[in-house]
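Colleague: no sequence for this one, just the structure:
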């Protein structure tokens, strides 16, 4: 079991990992070894996630989520397979942790009297500048 938060744990069997060749620099290694990790996690089919966390995770995942509701994370920052595997898992855990925290509702506020006065004063000043730019024929 992978511990995500105090209330959410994911079974390791829910995560599918495949290893592919990484792109970018790496010398001869890059052509021979499959060091990049492609992690797949079924968000919609996971019994470990509460419904509200699942919906927030789908929103956070964006383009990394397939039509079937599978989250795909590709990790190829490091040169070794083990470090890329750990990186992919860390990124999945971080994403789920962010989805587990409900967003803070915005409390509507009203502008202060002073800020309203500053706004009106700025508008008057700008209108005065524009008035001075007008041609004499427009004023009459």
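Modeller: Received it, and whenever you're ready, just let me know what you need. Model, not experiment: these values are computed from the prediction.
Colleague: verify the assumption that residue 129 is located in a strand.
Modeller: No - counting by DSSP: H, G, I helix; E, B strand; the rest coil, residue 129 is not found in a strand; it is helix.
Colleague: distance check, it against residue 136.
Modeller: As for residue 129, its distance to residue 136 is 17 Å (criterion: Cβ to Cβ, to the nearest Å). Every residue, glycine included, has its C-beta placed from N, CA and C.
Colleague: next, give phi and psi for residue 41.
Modeller: The phi and psi values for residue 41, taken as degrees, to the nearest 10, are phi -130, psi 120.
Colleague: what about it, how many neighbours?
Modeller: 27 (other Cβ atoms under 10 Å).
Colleague: beta partners of it?
Modeller: Residue 41 forms beta bridges with residue 15, residue 71, as assigned by DSSP bridges.
Colleague: is the residue sitting nearest the centre point of the chain in a helix, a strand, or coil?
Modeller: With distances taken as Cα atoms, centre = their mean, residue 60 lies nearest the centre of the chain, 5.1 Å away. Here residue 60 is helix, with the state taken from three-state DSSP.
Colleague: report the contact partners of it.
Modeller: 95, 98, 99 (Cβ atoms under 8 Å, 6 or more residues apart in numbering).
Colleague: just the buried ones from these?
Modeller: Among these, those buried by neighbour count (16 or more other Cβ atoms under 10 Å) are 95, 99.
Colleague: where in the protein is pLDDT low?
Modeller: Low-confidence segments of the chain (pLDDT under 70): 3-4, 6, 9, 11, 24-32, 137-140.
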